[in-house]
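> Predicted model follows, preceded by the sequence.
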Amino acid sequence: MSHKKKNHKENDKSAKSEKVEEQNSKEKEKKVKENKEKSHYNKKGKLKGKFYEEELARLQIELVKLQEWIKHKGLKVVIIFEGRDAAGKGGVIKRITQSLNPRVCRVVALGTPTEREKTQWYFQRYVPHLPAAGEMVLFDRSWYNRAGVERVMGFCTEEEYQEFLRSCPMYERMLIRSGIILLKYWFSVSDEEQERRFQARIKDPTKNWKLSPMDLQSRARWVDYSKAKDEMFAYTDTKQCPWCVVEADDKKKARLNTIRHLLEMIPYKETKHEKIELPERQSDVGYVRPPMEEQTFVKDLY
C-alpha cells in the first residue's frame, strides 16, 4: 500500500471517529437536558415549586431590563389579556408587574361603561389609556369585551357587533402604524379546570369577590362563549396582530410561558446605569425631635 493511500485511509478513519464522537456528545447533551427538564416536574407532571420560584425570579429580572429598555428607547407597548373566566389572566398580570415601576408599566381594567360612554365611538373609552413613549400598558380585558361578554349576554346589538368585527382589525393596524407594539394573549382553560377554580373561589372568602354574576353566566353559557371566541378569532387573528394562545390549565406553566414569550416578542438589551452610591447623611446638629408622646402610633401587635 502506498504512503498516500495509507494517509488517506487514516484521515478518513480519523474523520469518522470525530464525527461519531461529536454525535455521541450531542446525544449525551440531549439526554442531560431531558433529564434536567424532567427534574423540574413532580410525579403528577406539575412544575416543582422551587424551580417555578427560581425561574419566575429570573424572568422578573429580565422584565425589569425590558422595562428599562422601553423607557430608554421611548417604546410604546400594549398587551391585551383575554380568555375564559378563571383562566388565570390576573395571576399572570400580577407576576409581570410585581417588580416593575408602576409609572412605566400600568394595568388598565375598565368597569362597566357609563351611560355617556355607551354613546361614544366604541373604541373611544380605551384611547385615553394607550401608552405614551416609554410606557407599557397591560389591558386586563379590553375592547374585545364587545366580541365576548357583550355579544353573548346581548349587551350590544347585532349591528354594533358586526361593526366591531369589521373595525377592530383596522383599529389595531392604526395602533401598530402609529408605533405601538401590540400583543394579544388568549388564555385557554378546560371545562373541568374552570369548574374546579370556580368551586375553589366559592370556598375561599378572600376570592368570593372574583365570582361576579357575569362569571357565573360564563359557566352556564360555555358553548356560546366558545362560538363567540371562534368567530372573534376568524376576524381578528391577523398576520399583523395575531392572537397568542396560552394553555392555562397549569397556572405556573402558563405564567412562565407567557412571560418568556413576551420577552422574546420585544427585542431588548440591558441598559447601562451609573454606579449607585449612597450620599453621606446630613448632620443632625441643632435638630430636636418633637416629643414622641405627641404622635399617634399604630399599635405594635405583632
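All right, it came through fine.
> Tell me where the model's unsure across this protein.
Filtered on pLDDT under 70, the chain yields the residue ranges 1-22, 24-38.
> That one: strands as residue ranges?
With strands called from DSSP state E, the chain shows them at 76-83, 105-108, 135-140, 180-188, 243-247.
> Okay, now the sheet partners of the fourth one, with direction.
Based on DSSP bridges, the strands next to strand 180-188 in the sheet, each with its direction, are strand 76-83 (parallel), strand 243-247 (parallel).
> same question, the third one
Each strand that pairs with strand 135-140, with its direction, by DSSP bridges: strand 76-83 (parallel), strand 105-108 (parallel).
> Would you indicate which residues of it are buried?
The neighbour-count check on strand 135-140 (16 or more other CB atoms under 10 Å) flags 135-140 as buried. Every C-beta, even on glycine, is put in place using the N, C-alpha and C of the backbone.
> Any chance of the residues you listed in CSV with distance to Leu63 as columns?
As requested, the buried residues of strand 135-140 are exported to CSV (distance: CB to CB, whole Å):
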residue, distance to Leu63
Glu135, 15
Met136, 10
Val137, 15
Leu138, 12
Phe139, 17
Asp140, 17
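> What segments of this protein are helices?
Here the chain has its helices, by DSSP state H, at 3-38, 49-73, 89-97, 115-118, 149-153, 158-177, 191-203, 213-220, 222-236, 251-265.
> right, so of those, which gets closest to Glu293?
Of all these, it is helix 89-97 that lies closest to Glu293, at 41.1 Å by CB to CB.
> Buried ones in the closest one, by neighbour count?
Buried residues in helix 89-97, counted by 16+ other CB under 10 Å: 89, 91-93, 95-97.
> picking that back up, looking at the helices of the chain, spot the one closest to Glu294.
In terms of CB to CB, the element of the helices of the chain nearest to Glu294 is helix 89-97, at 39.2 Å.
> before we move on, back to that, out of the buried residues of helix 89-97, which comes closest to Asn257?
Ranked by distance to Asn257 (CB to CB), the buried residues of helix 89-97 are led by Val92 at 9.4 Å.
> could you list every residue that touches that closest one?
For Val92, the set of contacting residues under the criterion of CB atoms under 8 Å, 6 or more residues apart in numbering consists of 81, 185, 187, 246, 254-255, 258-259.
> Between those, which sits nearest Thr271?
For the contacts of Val92, the residue nearest Thr271 by CB to CB is Ile259; the value is 19.4 Å.
> For that closest one, which non-adjacent residue is spatially closest?
By the measure of CB to CB, 6 or more residues apart in numbering, the closest residue to Ile259 outside its immediate chain neighbours is Leu59, 4.7 Å from it.
> so that neighbour touches Arg260, yeah?
Yes. Under the contact definition of CB atoms under 8 Å, Leu59 touches Arg260, with a separation of 6.6 Å.
> Looking at those two now, which is surrounded by more residues?
For Leu59 versus Arg260, neighbours defined as other CB atoms under 10 Å are more numerous around Leu59 (19 against 13).
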